[in-house]
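**Student:** sequence first, then the predicted structure, then my questions.
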Amino acid sequence: MNVKEISRAKLPTKWGKFVIIGFKEIDTGNNHIVLVKGLKNINKNSIILVRIHSECLTGDVFDSLRCDCGIQLQLSLDKISQENCGILIYHRQEGRNIGILNKIKAYNLQDKGLDTIEANHKLGFDTDERNFISCVNILKNLDIKYIKLLTNNPYKIKILRKYGINIVSRIPLIVNSNIYNFKYLNTKYLKLKHLLFL
């Protein structure tokens, strides 16, 4: 997915001052948001702390306890703030790219006993419908070649490396389980091979 920068602006937050950049996928018209801290200190030889965070309305906005997304978003911004330099790509592919309404349908199936992957399959979707090529192209657009990736997802590492992003190190984002997200996290660990333990 080739991307085009649409605009950028200053964004002060409780994590400090960022530059917010809007990108648009040329082929699809889909859009993604990037938050950059320490923009003036970033060059093509820098090793940049990066989080690719897939949109999760329920977790990011409403603090849902069914997943670990909202906490991971906050932890990522904490780490970028502590380093005073870094990039957060807000990857707008809600619910592993099935959309918010289908995600609610998947929640309903999970309430009836299915895990997240079984629910997706029941609705006619693949295990994970996301495409991370747009994220690769956003990094290339920003002239970023070397990164420290905040992730537990080995698939993200594989895709970024395949398309030319040098991942110097992986930094885990470990979130404690609760009674609502235990099955969700266990499914990530057992079926998606997420690296959920230090």
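**Tutor:** Now that the structure is in, tell me what you want to look at.
**Student:** which residues of the protein fall in strands?
**Tutor:** Remark: strands assigned in the chain by DSSP state E are 3-13, 16-25, 31-37, 47-54, 86-91, 146-150, 166-171.
**Student:** domain assignment for this structure?
**Tutor:** Domains of the chain are assigned by automatic domain parsing as 3-93+131-191, 100-129.
**Student:** switch the ones you listed over to JSON lines; also include mean neighbour count and mean pLDDT.
**Tutor:** No exception for glycine: its C-beta is placed from N, CA and C like everyone else's. Shown next, in JSON lines, are the domains of the chain (neighbours: other CB atoms under 10 Å; pLDDT from 0 to 100):
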{"stretch": "domain 3-93+131-191", "mean neighbour count": "17", "mean pLDDT": "93"}
{"stretch": "domain 100-129", "mean neighbour count": "16", "mean pLDDT": "95"}
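**Student:** what sits up against stretch 94-111?
**Tutor:** 54-58, 66, 116, 118-120, 122-123, 125, 127-131, 183 (CB atoms under 8 Å, 6 or more residues apart in numbering).
**Student:** contacts only, for Gly16.
**Tutor:** Neighbouring residues of Gly16 by CB under 8 Å, 6+ apart: Lys37, Ser81, Asn84.
**Student:** can you pull the contacts of the second one?
**Tutor:** Right, Ser81. By CB under 8 Å, 6+ apart, the contact list for Ser81 reads Trp15, Gly16, Lys37.
**Student:** Ser169 now?
**Tutor:** By CB under 8 Å, 6+ apart, the contact set of Ser169 is Lys148, Leu149.
**Student:** and with 6 Å instead?
**Tutor:** Going by CB atoms under 6 Å, 6 or more residues apart in numbering, Ser169 touches Lys148.
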